[in-house]
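**Q** Just a sequence and a predicted model for now, questions to come.
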Amino acid sequence: MNFKNAIEDFTEGIKYIKSGETHFKALFHRGNCYRQIKEYGKSISDLSKACEIVKDDAPAQNNLGLSYFENQQYDLALERFKKAIELDGNKATYFNNKALALYHNEQYD
């Protein structure tokens, strides 16, 4: 997948969409594209904005946690993984991500 082209398209769309579910989705997907090309600051910015728009979206919280994790900000990642679990405690992936953050924080118990 060409993430840079996708980022350009999402960016163009965001110019015209200032609120609502569509704005959330554009930020969410652009943030994930930034994470794929290891531009973690931009990824965190977009996903944080998406999480402000829709506060109860577990996948958005989890993906923000992944961006923090990959940026080696394990404390912040842990907060987001916990939030994802709080919103949807039925996803094994969220628990796995939380465990990895705890491991990297050397919180073994």
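**A** Structure's in. What do you need?
**Q** Of all residues in this structure, which one is nearest the centre?
**A** Leu64 (2.2 Å; CA atoms, centre = their mean).
**Q** continuing past the helix or strand containing it, what's the next helix or strand?
**A** For Leu64, the host element (DSSP states H and E) is helix 58-70. Sequence order places helix 74-87 as the next helix or strand after helix 58-70, per DSSP H and E.
**Q** returning to that earlier point: which other helices and strands contact the helix holding Leu64?
**A** Packing partners of helix 58-70 (3 or more CB pairs under 8 Å, 6 or more residues apart in numbering; DSSP states H and E): helix 20-36, helix 40-53, helix 74-87, helix 92-104. C-beta coordinates here come from the backbone N, C-alpha and C atoms, glycine included.
**Q** Relative to Met1, which of those is closest?
**A** Comparison of the helices and strands packed on helix 58-70 against Met1 by CB to CB identifies helix 20-36 as nearest, at 7.8 Å.
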